[in-house]
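1. Sharing a sequence plus its predicted fold:
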Amino acid sequence: MSVCAVATCSNYHRKTKGKGVIYHVFPVCPNRNKIWISKCKRQDHINVKYARICSDHLRPSDYMDDMKNRLLGLNQKKILKLDAVPSVNLPLQDNVEDILSRSERKRNRSILQEAKIR
């Protein structure tokens, strides 16, 4: 069963069946693969061999024209461009490290304030 790897996405195959949502495999290219993983904003490990990202996170411009099927009058397939990167409906762009450092600063401030009060 396909489940979207994006942290804030609740899409899975059964839920989206018949709604035109497509689940794309992660790219083979190591550099693009890292970009896709970073876009997911997951804190746990992503097994890219089985992970998928749903089409809700890609723009219409990320797909190629299926000219062959269009000319033959067949149903057109959504073919992902080689350089496509998920860029829609993604989690906030905050980095996990940024969130941790913010909480660390907040904790330090509260410790300093307590010290001033005493």
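-> Arrived safely, thanks for sending.
2. Would you confirm that residue 40 contacts residue 8?
-> No. Counting by Cβ atoms under 8 Å, residue 40 does not reach residue 8; the two are 9.3 Å apart. In short, each C-beta sits where N, CA and C put it, glycine included.
3. Now do the shared contacts for the two.
-> residue 91 (Cβ atoms under 8 Å, 6 or more residues apart in numbering).
4. Just name the shakiest helix or strand of the protein by mean pLDDT.
-> None of the helices or strands of the chain scores lower by mean pLDDT, DSSP states H and E than helix 96-117, at a mean of 61.
5. what ranges do the strands span in the protein?
-> Under the criterion DSSP state E, strands of the chain are mapped to 23-25, 52-54, 63-64, 79-80.
6. what about the nearest residue to residue 41 once chain neighbours are set aside, how many neighbours?
-> Leaving aside its sequence neighbours, residue 41 sits nearest to residue 91 (Cβ to Cβ, 6 or more residues apart in numbering; 4.0 Å). By the criterion of other Cβ atoms under 10 Å, residue 91 has 13 neighbours.
7. Mean pLDDT for the strands of the chain - can I get that in TSV?
-> TSV is the format used below for the strands of the chain (pLDDT from 0 to 100):
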stretch	mean pLDDT
strand 23-25	95
strand 52-54	95
strand 63-64	90
strand 79-80	90
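8. ranking the ones you listed by burial, who's on top?
-> Among the strands of the chain, strand 52-54 has the highest mean neighbour count (mean count of other Cβ atoms under 10 Å), at a mean of 23.
9. Remind me what it packs against, helices and strands.
-> On a contact count with 3 or more Cβ pairs under 8 Å, 6 or more residues apart in numbering; DSSP states H and E, strand 52-54 meets strand 23-25, helix 30-40.
10. right, and those - which one's nearest residue 14?
-> Judged by Cβ to Cβ, the one of the helices and strands packed on strand 52-54 that comes nearest to residue 14 is strand 23-25, at 11.8 Å.
11. which residues sit in contact with residue 26?
-> Counting by Cβ under 8 Å, 6+ apart, residue 26 makes contact with 5, 33, 36-37, 46, 48, 51-53.
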